[in-house]
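*Asks:* sharing a model that was predicted from the sequence below.
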Amino acid sequence: MKIILINAHYTHILGGSEIQCHQIAQGLTELGIDLTYLAVGGYNDAADLPYKLLRVEKNAPSIIKACKELQPDLIYWRFNKNLLASVIDEVKALKIKLVFSVSHIHDLEPFAYKPIPNLSVLSRTKRRLTHLVKGIQFQKAFKKMDGVICNNEEHLKHISHSNKVYIPNSPFLEYEEFTWPRPYVVWVGNIKAHKYPELFVELAKSLTGIGVDFLMVGDIQQQAYEYLNTSKRLPRNFHFLGSKSVFETNGIIKSSMFLVHTCEPEGFPNVFLQAWGFSKPIVSLQFDPAGLLEKHKIGFYSKNYQQFVRDCSQLITESTLTEQIGKKANKFLDEHFMKERNIKQLMSFLSTTLEQ
């Protein structure tokens, strides 16, 4: 079996899907699969990686050229909606099977729109029209997929393809040690509007004076959030650490009290697995994927800001409870999200798809 995996690479753009693709490429290569990772936009040449990488530009001609040269049996597409409509027909003409991996609920919503703060009315209108056109094009391309994978089981009902499967994400827990002079809670994510980082700043204000700091980790991706780097009006217990490697981020999570999550519903947050892997509870304001936090008592799903503050305050003041929830979360991770099992399930699904 010869496979191409398409996504940005975690050494170039750090995000949950990129971390997952690194693990998938590693796992399939260890099983003897001839796999090439098409790293859209590039990768760090200094990284010591166990699989083949090929740098491609973020455009259709570059991806199509690589597919023609490599002649794979199957393409594993985890690059969201990006460029899929532009490459689908030429790739299909090469008799290559395509499997689409859903990384975000918006992958299943053809007209989904993520706002950017502070745009003019004209710019917002143009952007919405562009999303509308691209959504129609994507919908046509998506129907041509030979298989679809999702990482959140509740998303299965939104997929009309008969050849579909739920395969959970896997934890990546290598870390660099991190120390901080005071106890702290942590927020991790790329800084943009639909992640609602400003609510973590508000949380720090709401819980001032209890001897705990609030650390934010992430790359600022929208101009509206540059104030996190420069403003002198931020609460004194809030600290923006900026972009960190996955190893640094894991170390920060490992030494924290718990993880705070303010993002709107997405796919399955990779930071949940990172937190559970280090026996840390999660307090999530807006999103409980597949109801796991509430069902298994491995964190809090607050639903509103007032309860969010109360939940965080409780974990800060009740260390025994925090430790108990963390241990339960770590056990749950071991039972449901382990890499070896997930890679074997993926291998089985890809093999079945090739036979169809």
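*Replies:* Sure thing, it's come through.
*Asks:* residue contacts, the closest residue to L259 other than its chain neighbours?
*Replies:* Spatial nearest neighbour of L259, chain neighbours left out: A275 (4.0 Å); criterion: CB to CB, 6 or more residues apart in numbering. (C-beta placed from N, C-alpha, C; glycine too.) Neighbouring residues of A275 by CB atoms under 8 Å, 6 or more residues apart in numbering: 253, 258-259, 281-282, 329.
*Asks:* what helix or strand is A275 located in?
*Replies:* Assigned by DSSP states H and E, A275 belongs to helix 270-277.
*Asks:* hang on, the earlier thing: redo the contacts of A275 as JSON lines? Include distance to L129.
*Replies:* Formatted as JSON lines, the contacts of A275 follow (distance: CB to CB, whole Å):
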{"residue": "I253", "distance to L129": "40"}
{"residue": "F258", "distance to L129": "42"}
{"residue": "L259", "distance to L129": "38"}
{"residue": "P281", "distance to L129": "43"}
{"residue": "I282", "distance to L129": "37"}
{"residue": "A329", "distance to L129": "43"}
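*Asks:* which ones among these map onto strands?
*Replies:* With DSSP state E as the criterion, strands contain 259, 282 from among the contacts of A275.
*Asks:* wait, isn't E226 in contact with D219?
*Replies:* No - contact criterion CB atoms under 8 Å: E226 and D219 do not qualify, at 11.9 Å.
*Asks:* more crowded one of those two?
*Replies:* Neighbours per residue, other CB atoms under 10 Å: of E226 and D219, the larger number sits with D219, 14 against 11.
*Asks:* just give me the neighbour total for the closest residue to that one other than its chain neighbours.
*Replies:* Spatial nearest neighbour of D219, chain neighbours left out: S243 (4.0 Å); criterion: CB to CB, 6+ apart. S243: 14 surrounding residues under other CB under 10 Å.
*Asks:* how near is S243 to M338?
*Replies:* To M338, S243 is 29 Å away according to CB to CB, to the nearest Å.
*Asks:* just L156 next, same as before
*Replies:* 21 Å.
*Asks:* swap in V99?
*Replies:* 22 Å.
*Asks:* is it true that K331 lies in a helix?
*Replies:* Yes - K331 sits within a helix when classified using DSSP: H, G, I helix; E, B strand; the rest coil.
*Asks:* that one: how many residues sit nearby?
*Replies:* 14.
*Asks:* what's the answer for I3, then?
*Replies:* 24.
*Asks:* mean confidence for the helix or strand where it lies?
*Replies:* For I3, the host element (DSSP H and E) is strand 2-7. Mean pLDDT, strand 2-7: 98.
*Asks:* now it, how far from the chain's geometric center?
*Replies:* 18 Å (CA atoms, centre = their mean, to the nearest Å).
*Asks:* contacting residues around that strand?
*Replies:* Applying CB under 8 Å, 6+ apart, the external contacts of strand 2-7 come out as 17-18, 21, 24-25, 28, 33-40, 63, 66-67, 70-79, 350.
*Asks:* helix or strand right after it?
*Replies:* Assigned by DSSP H and E, the successor of strand 2-7 is helix 16-30.
*Asks:* could you dump that following helix to PDB, C-alpha only?
*Replies:* Output of helix 16-30 as PDB, limited to C-alpha atoms (Å, rounded to 0.1, in the frame of the first residue of the first chain):
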ATOM      1  CA  GLY A  16      -4.000  19.500  16.800                       C
ATOM      2  CA  SER A  17      -4.500  18.000  13.400                       C
ATOM      3  CA  GLU A  18      -0.800  18.400  12.600                       C
ATOM      4  CA  ILE A  19       0.300  16.600  15.800                       C
ATOM      5  CA  GLN A  20      -2.200  13.800  14.900                       C
ATOM      6  CA  CYS A  21      -0.800  13.500  11.400                       C
ATOM      7  CA  HIS A  22       2.700  13.300  12.700                       C
ATOM      8  CA  GLN A  23       1.700  10.300  14.800                       C
ATOM      9  CA  ILE A  24      -0.300   8.700  12.000                       C
ATOM     10  CA  ALA A  25       2.700   9.000   9.600                       C
ATOM     11  CA  GLN A  26       5.000   7.500  12.200                       C
ATOM     12  CA  GLY A  27       2.600   4.700  13.100                       C
ATOM     13  CA  LEU A  28       1.800   3.700   9.500                       C
ATOM     14  CA  THR A  29       5.500   3.800   8.600                       C
ATOM     15  CA  GLU A  30       6.300   1.500  11.500                       C
END
